[in-house]
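In: next come a sequence and a model predicted from it.
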Amino acid sequence: MSALSQFRNFTQRLPQTDLMPTLFIGHGSPMNGIEHNEFSQSWADLAKYIPVPKAVLVVSAHWYTRGTFVTAMDFPSTIHDFGGFPQALFDVQYPAPGDAKLAAEIPSLIHSTTVGLDHDWGLDHGTWTIVRHMYPEANIPVLQLSIDYTKAPEEHYEIAKEIYALRKKGVLVIGSGNMVHNLRMLSWEMIHGGGYDWANEMNDKFKNLIANGDHKPLMNYRSLGSDAMLAIPTPEHYLPLIYTLGLKNDQEEITFFNDKAVGGSLTMTSVLVG
């Protein structure tokens, strides 16, 4: 089933509610930010089939901090946090506004940790490469929430639960990373599609646990065996998924999209909750 068909099915089953869907998006290569491919097209299609958000809050793998912070400036800069790519990628600017009022509200929702207001970061490529396809007019406020590298997955899950109220206020919360992300084992022969057996098997295991609502093993991913350690050699690209799962309520359905491995050791598999 195509991503477009999946999104149509999703909107047909949407209940009459003010609750915004929430997403985990496998962002993959920064080049997806300027390429028109199956992944970027699905992001554009998705935006047509979910309610227009009042703001977007992204938990990006690429803002990994000591402590928890939220961007609080009126106009976040576009951060080009990568190297070795064509100049066209560095030329991209995504001039979406921030939302200082919303940023100031977020620390009051989170009781498990202190949240600082940040005026220096901006929008990294885990954010703008996705949202510029979803909202190309850059007319919707975009904020980022950092990932505190000192916290365990269970603590990130709790933070996600604490910001659940944002969904009721029309805020689209996106976790941006990759379920399987091991760049040291990247295969250029499979760069356009294909995964090692361990990558596909772990991706399927993650999907089954997500579909069954079994979140504890996903938080305790180190207990899932040696293949899990290959899939998640470092946690920063995986933890955004934990935020998406923490934002899900027990009645909501799951839709997977962009369910594809690339480069042998990376999966683009994404999750729509709603």
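Out: Nice, I can see it. Being a predicted model, the structure only gives us computed values, none of them experimental.

In: can you map out the helices along the stretch 51-200 of the chain?
Out: Secondary structure of the stretch 51-200 of the chain by DSSP state H, counting those that start in this stretch: the helices cover 87-90, 100-109, 125-134, 153-162, 165-168, 197-211.

In: which secondary structure elements does the third one contact?
Out: To tie it back to what came earlier, the one meant is helix 125-134. Applying 3 or more CB pairs under 8 Å, 6 or more residues apart in numbering; DSSP states H and E, one finds that helix 125-134 contacts helix 38-49, strand 55-60, strand 142-144, strand 171-177. (Glycine included, C-beta is placed from N, CA and C.)

In: TSV please, covering the ones you listed and showing distance to residue 268 and mean neighbour count.
Out: Output for the helices and strands packed on helix 125-134, formatted as TSV (distance: least, CB to CB, whole Å; neighbours: other CB atoms under 10 Å):
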stretch	distance to residue 268	mean neighbour count
helix 38-49	6	19
strand 55-60	16	26
strand 142-144	21	27
strand 171-177	11	27
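
In: residue 210: which of those is closest?
Out: Residue 210 lies closest to strand 171-177 among those, at 12.1 Å (CB to CB).

In: what's the neighbour count on residue 138?
Out: Residue 138 has 16 neighbours, counted by other CB atoms under 10 Å.

In: got a list of what it touches?
Out: Counting by CB atoms under 8 Å, 6 or more residues apart in numbering, residue 138 touches 94-96, 132.

In: same thing but 6 Å
Out: 94-96 (CB atoms under 6 Å, 6 or more residues apart in numbering).

In: any chance of the helices of the stretch 51-200 of the chain in a markdown table, plus distance to residue 36?
Out: A markdown table is the format used below for the helices of the stretch 51-200 of the chain (distance: least, CB to CB, whole Å):
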| stretch | distance to residue 36 |
| --- | --- |
| helix 87-90 | 13 |
| helix 100-109 | 31 |
| helix 125-134 | 9 |
| helix 153-162 | 32 |
| helix 165-168 | 30 |
| helix 197-211 | 25 |
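
In: quick one: closest of those to residue 182.
Out: Closest of the helices of the stretch 51-200 of the chain to residue 182 is helix 197-211, at 7.7 Å (criterion: CB to CB).

In: extract the C-alpha set from stretch 79-90 and format it as CSV.
Out: C-alpha atoms of stretch 79-90 as CSV (Å, rounded to 0.1, in the frame of the first residue of the first chain):
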residue,chain,number,x,y,z
ILE,A,79,21.3,25.0,11.0
HIS,A,80,23.4,23.2,8.5
ASP,A,81,24.8,20.6,10.9
PHE,A,82,26.6,18.3,8.4
GLY,A,83,29.5,18.3,6.0
GLY,A,84,30.5,16.9,2.7
PHE,A,85,27.2,17.6,0.9
PRO,A,86,26.4,19.7,-2.2
GLN,A,87,26.3,23.5,-1.8
ALA,A,88,22.6,23.4,-2.7
LEU,A,89,21.9,21.8,0.7
PHE,A,90,23.9,24.5,2.6
